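> What would the 3D arrangement of this be:
(one chain, ligands or ions: 1)
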Amino acid sequence: MSDEKRDAAENEAPIPATSTTLEDLEAVEPISTGENLPSGGGGVIMVHGDIFAAPTNSVLIHACNCQGSWGAGIALAFKQLYPAAYRIYHNHCINVSNPSSLLGTTLLIPPQPTDRKTHWIACMFTSVYYGRRVDTPDKILESTTSAFEHFLNLVANEETAGRRVVGELHACKINSGRFGVEWERSRKILEDGLEDGGKGRVVFAYEFEEESGGAGGAGGSSGGRGARSGRARGSSRGGLGRGQQTLRF
Ligand SMILES: Nc1ncnc2c1ncn2[C@@H]1O[C@H](COP(=O)(O)OP(=O)(O)OC[C@H]2O[C@H](OP(=O)(O)O)[C@H](O)[C@@H]2O)[C@@H](O)[C@H]1O
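Predicted coordinates:
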């Protein structure tokens with residue numbers, strides 16, 4: 001589908017207030033035991049499961065373009081599950097005179113009372129555009145570095161302000177689907193960012209198996225039902241080095 005057609009389709013697509021997807025989601029209970037956390041220093045811990053089942057008040061981190069569309073991949077699932085947060089993201093993008101000025105920044109959206117799940121959403125602007133006009137991997141990684149630094153500052157500011165609870169940090173394998181950047185390269189940037197300014201924080205990053213028509217794969221499918229079309233794999237605990245543990249959510 002051309003970018004123009006996709007934009008038009010996205011504008012027409014209704015955002016469901018309730019759906020089977022949302023009902024299903026209510027049944028997903030996170031299992032976060034806190035086992036296998038690195039002692040002392042923070043880092044990235046791989047987990048198996050569904051990011052949308054993260055504990056209440058968690059921050060869900062994903063990569064975004066600067067055009068104000070959550071039209072495909074996991075972003076489409078965010079749009080369906082958090083319509084109020086989507087409107088904040090969309091307005092944030094269309095209210096700047098030059099969308100590319102958002103590149104390398106993060107928008108941290110607090111939990112919205114009208115959204116069904118109490119999650120923060122962190123939108124890391126890592127490419128100006130999407131589809132055929134997506135930035136190069138090197139440029140995306142450069143933007144990821146500054147966006148993640150910005151993100152950690154925003155979290156620290158929220159904690160200092162103390163108005164709202166900022167819970168665990170949970171990320172999908174940012175940039176590794178439609179943006180086409182090898183996950184390990186983005187993971188390294190998160191690790192380095194946490195080492196520099198993470199204050200011992202941990203980011204849980206999700207291994208997520210796609211079923212056909214799911215969100216993954218660079219330049220892949222149109223997204224279908226978005227992230228909910230995938231399924232969690234079984235967990236494996238213990239016996240792994242730091243940064244290689246797997247937990248199940
Ligand atoms: N429920 C779930 N739980 C946990 N992990 C899940 C999941 N569902 C999918 N994943 C995984 O999440 C990773 C990211 O894969 P994606 O292709 O989505 O994102 P990306 O970061 O490469 O690219 C961003 C652009 O895609 C979007 O669409 P728009 O352009 O806005 O329309 C954005 O806005 C950007 O533009 C892949 O590993 C998926 O397996």
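> list the helices and strands the host helix or strand of residue 140 packs on?
According to DSSP states H and E, residue 140 maps onto helix 137-161. If contacts are counted by 3 or more Cβ pairs under 8 Å, 6 or more residues apart in numbering; DSSP states H and E, helix 137-161 sits against strand 59-65, strand 106-109, strand 120-127, helix 183-197. For every residue, glycine as well, the C-beta is placed using N, CA and C.
> So that helix, near the ligand or not?
No - judged by Cβ under 6 Å from any ligand atom, helix 137-161 makes no contact with the ligand; its nearest approach is 8.8 Å.
> Buried residues in that helix, which are they?
137, 139-152, 154-155, 158 (16 or more other Cβ atoms under 10 Å).
> coming back round to it: could I get the helices and strands packed on helix 137-161 as JSON lines with mean neighbour count and distance to the ligand?
As requested, the helices and strands packed on helix 137-161 are arranged in JSON lines below (neighbours: other Cβ atoms under 10 Å; distance: least, Cβ to the nearest ligand atom, whole Å):
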{"stretch": "strand 59-65", "mean neighbour count": "26", "distance to the ligand": "4"}
{"stretch": "strand 106-109", "mean neighbour count": "22", "distance to the ligand": "12"}
{"stretch": "strand 120-127", "mean neighbour count": "27", "distance to the ligand": "6"}
{"stretch": "helix 183-197", "mean neighbour count": "18", "distance to the ligand": "7"}
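> so can I have JSON lines of the ones you listed showing mean pLDDT?
Listed next are the helices and strands packed on helix 137-161 as JSON lines, based on pLDDT from 0 to 100:
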{"stretch": "strand 59-65", "mean pLDDT": "97"}
{"stretch": "strand 106-109", "mean pLDDT": "98"}
{"stretch": "strand 120-127", "mean pLDDT": "98"}
{"stretch": "helix 183-197", "mean pLDDT": "97"}
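> Using a markdown table, lay out these together with distance to residue 86.
As requested, the helices and strands packed on helix 137-161 are exported to a markdown table (distance: least, Cβ to Cβ, whole Å):
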| stretch | distance to residue 86 |
| --- | --- |
| strand 59-65 | 11 |
| strand 106-109 | 9 |
| strand 120-127 | 9 |
| helix 183-197 | 23 |
